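*Asks:* Here is a sequence together with a model predicted from it:
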Amino acid sequence: MTSISGKEDTGLRFRIDTDLCAGHGRCYALDPDHFEADDVGYAVVLDKVEPAAKRGDMQDIVMACPEGAILIEDVSGD
Amino acid sequence: MTSMAERAEETGIPVHLLDLENDERLGDDPFAVWDEATSVAPLFYSPAGRGFFVAADYDTVKAVLQNPRMWSNLPSPITYTKEEVVIDVPPITMDPPQHTAYRRALIPLFSPNVVTTLEPRVRELSHELCDAIEAQGGCDFAKDFAGKLPARFFLEWLGVTRGDADRMFKLAQAATFDFPTQEERDAIEEEINKVVSDVITARREEPADDLATAFTQIRIDGEPVEEKLLVGMATLAFIAGQETTSTQLSYIAWHLARHPADRDLLVGNPDLLPDAVEELMRVYNTGGPSGRVATQDGELAGCPIKKGDRVFIARSGADRQLDGEVQLLRKPNRHSAFGLGVHRCLGSHVARMEMRIGLEVWHERFPKYRLAPDFVAKHRYGSFMQQLTTLPLDLNPA
């Protein structure tokens, strides 16, 4: 897996539980670097891997989702 | 089969009287009543009316709203009333999978991309209202600004351009606050049905660039929507598009008029408005349609649930319990002011935009506003929502 930046191929990445996402739009309003809206307002994760040190900032976005629909997953670089 | 009250007693679920129809304290300080309810337990039983469980913390509220298969929102008697009053406003009063198709058809009409195109009109209307208020030299914000901006904007967008605008707003309010008997409830819904049905019929003849026209073009599985259902959905838009944003906007202004430092921060930094609006929605969550009925036996917050059990969703209390303090720039911030789960407010992006633009213009025009001296807040109650009855402001205090 390579990221958009090409710098990191191991680290952390957001994931959306699409069963839970109800289109509140908090993630793409607060963090447009990692999320965008689809045509009708549901969240789409941009393919971007962050270093492990960013976990705290990422956790803030996770907590901002009213549905608890955002997850952080580890990306391994094999 | 044991009653809800018996099961509460057997399992140690507390009993607490939450009486939305009769507790007069809701008229003086509804938020204190919500805070009290939330402090009882995540789930309690209220013997008010016909009796009902209350989901009172965020996780329990979320558990109910994210499980529509267990907790139905089909047209069913309102949870908390003494009289049985049924509310039917599709697609809120639908369950999946039927709901899913209707939701999918409606959601593009209210998407963030569409909302962006509506901003200039909201800004224009906000200025017009401020012009009138300036000329009149003072105002009741609840009536003259919050009570007019969403109504004017939304009715125009919907396509309801004829008829008495004040009457239309009154109807929307009545539909949100008055559930005395089924007969009266039906009369309100019928009058609104007539208004929106006339517009829909007119747009079939002559399409326009508005929501009513978009409604006529909705197809579910390739088929047009049955007329009664289509009118029901337009009625919901009529009600929710006017009343909810108006109520919320007044509570936000009420806070800012009482807290000059918060007001000044936003007057000086309008780019902070989106965060501030989220926080003030959390702390002054107005409530909203809040009942569910169990479709099957199960469990909620440790309590055995039987098919037919009623639950009330105490969203105002649940959001405030996260933190009672207002911090305009709170991060992270989450709330249930737009609801949760499959029925999350379809118009949330519209409402956010209206409140942001409305406040931005208001702050530009009247940056020093504050509460009129001796004002004592009174709140309309008796519904699943609360609302400031008036909000007199001094526009240019000495």
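*Replies:* Yep, that arrived. What you see is a predicted model, and the numbers here were worked out from it, not measured in a lab.
*Asks:* From now on I want contacts and neighbour counts done on CA atoms only, so please keep to that.
*Replies:* Noted.
*Asks:* got a list of contacts for stretch B:266-285?
*Replies:* Stretch B:266-285 is contacted from outside by B:31, B:248, B:251-252, B:255, B:315-316, B:319-320, B:324-330, B:333-337, B:352, B:355-356, B:359-360, B:363-364, B:367, using Cα atoms under 8 Å, 6 or more residues apart in numbering or on different chains.
*Asks:* any idea how far residue B:386 is from residue B:378?
*Replies:* Here residue B:378 is placed at a distance of 10 Å from residue B:386 (Cα to Cα, to the nearest Å).
*Asks:* ditto for residue B:287
*Replies:* Distance, residue B:287 to residue B:386, by Cα to Cα: 7 Å.
*Asks:* For the chain, which segments count as strands?
*Replies:* Using chain A here. A:11-16, A:35-37, A:43-45, A:70-75 (DSSP state E).
*Asks:* Not quite, go with chain B.
*Replies:* Along chain B, the segments classed as strands by DSSP E run B:43-46, B:52-55, B:71-72, B:139-140, B:219-220, B:223-224, B:291-294, B:298-300, B:303-305, B:310-313, B:370-371, B:379-380, B:387-388, B:392-394.
*Asks:* Need those in a markdown table (columns: mean neighbour count).
*Replies:* Supplementary listing: the strands of chain B in a markdown table, determined by neighbours: other Cα atoms under 10 Å in any protein chain shown:
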| stretch | mean neighbour count |
| --- | --- |
| strand B:43-46 | 26 |
| strand B:52-55 | 28 |
| strand B:71-72 | 23 |
| strand B:139-140 | 19 |
| strand B:219-220 | 14 |
| strand B:223-224 | 11 |
| strand B:291-294 | 24 |
| strand B:298-300 | 13 |
| strand B:303-305 | 18 |
| strand B:310-313 | 26 |
| strand B:370-371 | 22 |
| strand B:379-380 | 17 |
| strand B:387-388 | 22 |
| strand B:392-394 | 21 |
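*Asks:* Turn those strands into CSV, including distance to residue B:131 and mean pLDDT.
*Replies:* Shown next, in CSV, are those (distance: least, Cα to Cα, whole Å; pLDDT from 0 to 100):
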stretch, distance to residue B:131, mean pLDDT
strand B:43-46, 48, 98
strand B:52-55, 44, 97
strand B:71-72, 46, 94
strand B:139-140, 11, 96
strand B:219-220, 42, 93
strand B:223-224, 43, 93
strand B:291-294, 41, 94
strand B:298-300, 52, 97
strand B:303-305, 55, 96
strand B:310-313, 40, 95
strand B:370-371, 18, 96
strand B:379-380, 28, 96
strand B:387-388, 23, 96
strand B:392-394, 15, 97
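*Asks:* Pipe the ones you listed into JSON lines and attach distance to residue B:234 per row.
*Replies:* As requested, the strands of chain B are exported to JSON lines (distance: least, Cα to Cα, whole Å):
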{"stretch": "strand B:43-46", "distance to residue B:234": "34"}
{"stretch": "strand B:52-55", "distance to residue B:234": "30"}
{"stretch": "strand B:71-72", "distance to residue B:234": "22"}
{"stretch": "strand B:139-140", "distance to residue B:234": "30"}
{"stretch": "strand B:219-220", "distance to residue B:234": "15"}
{"stretch": "strand B:223-224", "distance to residue B:234": "14"}
{"stretch": "strand B:291-294", "distance to residue B:234": "21"}
{"stretch": "strand B:298-300", "distance to residue B:234": "34"}
{"stretch": "strand B:303-305", "distance to residue B:234": "34"}
{"stretch": "strand B:310-313", "distance to residue B:234": "25"}
{"stretch": "strand B:370-371", "distance to residue B:234": "36"}
{"stretch": "strand B:379-380", "distance to residue B:234": "26"}
{"stretch": "strand B:387-388", "distance to residue B:234": "23"}
{"stretch": "strand B:392-394", "distance to residue B:234": "33"}
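*Asks:* For these, give me TSV that also has distance to chain A.
*Replies:* TSV is the format used below for the strands of chain B (distance: least, Cα to the nearest Cα, whole Å):
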stretch	distance to chain A
strand B:43-46	19
strand B:52-55	16
strand B:71-72	16
strand B:139-140	31
strand B:219-220	16
strand B:223-224	21
strand B:291-294	18
strand B:298-300	18
strand B:303-305	23
strand B:310-313	15
strand B:370-371	30
strand B:379-380	27
strand B:387-388	24
strand B:392-394	32
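*Asks:* before we move on, back to that, which of residue B:378 and residue B:386 has more residues huddled nearby?
*Replies:* A count of neighbours by other Cα atoms under 10 Å in any protein chain shown puts residue B:386 above the other of residue B:378 and residue B:386, at 28 against 17.
*Asks:* okay, that one: pLDDT?
*Replies:* The score at residue B:386 is 93. That number is its pLDDT.
*Asks:* Check residue B:110 too.
*Replies:* So residue B:110 comes in at 96 (pLDDT).
*Asks:* Please report phi then psi for the closest residue to it other than its chain neighbours.
*Replies:* Closest residue to residue B:110 apart from its sequence neighbours, by Cα to Cα, 6 or more residues apart in numbering or on different chains: residue B:347 at 5.9 Å. As for residue B:347, its main-chain torsions (degrees, to the nearest 10) stand at phi -100, psi 20.
*Asks:* Give me the distance between residue B:347 and chain A.
*Replies:* 10 Å (Cα to the nearest Cα, to the nearest Å).
*Asks:* ok, that residue touching residue B:241?
*Replies:* Yes: counting by Cα atoms under 8 Å, residue B:241 is a contact partner of residue B:347 at 7.3 Å.
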